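Participant: here is my input, please return the structure:
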Amino acid sequence: MSDALVIIPTYNEKENIETIIRATFSQKKAFHVLVVDDNSPDGTSEIVKTLITEFPNQLFLEKRIGKSGLGTAYIHGFKWAIAKKYSYIIEMDADFSHNPKDLIRLYNACHKDGADVSIGSRYSKGVNVVNWPMKRVLLSYFASKYVRFVTRIPVFDTTAGFVCWKTNVLETINLDKIRFVGYAFQIEMKFKAWKHKFTIKEVSVIFTDRTLGTSKMSGNIVYEALFGVIRMRLKGLPK
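Facilitator: Numbers count the residues shown, from 1 in each chain. This is a model prediction of the structure:
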């Protein structure tokens, strides 16, 4: 058994999925992996099913009916992990923008250093982004600064999607009340953890843009992140 589960949401990631799974299992720390696939038409889930025969007690697949968004995929995975009684639950992208070698650093920030939430941060020590066009770097960087200003949350990389959670944090946050499904989902989760007074630690990582597959970034996602935080800040936490 492992005490830590890595959740990888997928939609059309056939070029990356096998490599990222094998890279995760090659780390010195034993991690389990749950792939939450949104019915990818490119056969991503079929590749995972084949790999499950090789890693029957380490790799798991939850295949959803349709493409329902990043946030709902993670919430599905969180609930699955809580039911299976994992102690640490880690979000990671399939496209190697998050380096599997950093998994142990996020895990140790919670397991050894006592953080309730650890974030693989692009902006805690300068700007650590590789292969992004400057326009996208500036958009991401200033979006995080904007969120920090509006919400007052003491986190430099509020939109980061490389995050380790202690399970009790996810049990405390009402996952059924999470409103956002895009990248604002990442902001909302961190904001609610902070409002519940959980300890958040940023771990500086290098973010490398995907080389295979297609980005899922869209204008709607950016709009949700920029304007949704104002409503979130005003409403705070449910009574």
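Participant: residues in contact with stretch 77-84: which ones?
Facilitator: 5, 7, 9, 34, 36, 60, 62, 89, 165, 167, 170-171, 175 (C-beta atoms under 8 Å, 6 or more residues apart in numbering). Quick note: C-beta positions are derived from backbone N, CA and C, even for glycine.
Participant: what subset of these is buried?
Facilitator: Leu5, Ile7, Pro9, Leu34, Val36, Phe60, Glu62, Ile89, Trp165, Thr167, Leu170, Leu175 (16 or more other C-beta atoms under 10 Å).
Participant: what score does the nearest residue to the first one once chain neighbours are set aside have for pLDDT?
Facilitator: When you say that, I think you mean Leu5. Closest residue to Leu5 apart from its sequence neighbours, by C-beta to C-beta, 6 or more residues apart in numbering: Tyr86 at 4.4 Å. Note on Tyr86: pLDDT of 98.
Participant: coming back round to it: nearest to Ile230 among the buried ones among the contacts of stretch 77-84?
Facilitator: Nearest to Ile230 out of the buried ones among the contacts of stretch 77-84 is Leu175 (C-beta to C-beta; 22.4 Å).
Participant: list the contacts for the closest one?
Facilitator: Leu175 makes contacts with Ile75, Phe78, Lys79, as judged by C-beta under 8 Å, 6+ apart.
Participant: neighbour-wise, which one of those residues leads?
Facilitator: Within the contacts of Leu175, most neighbours by other C-beta atoms under 10 Å means Phe78, with 26 neighbours.
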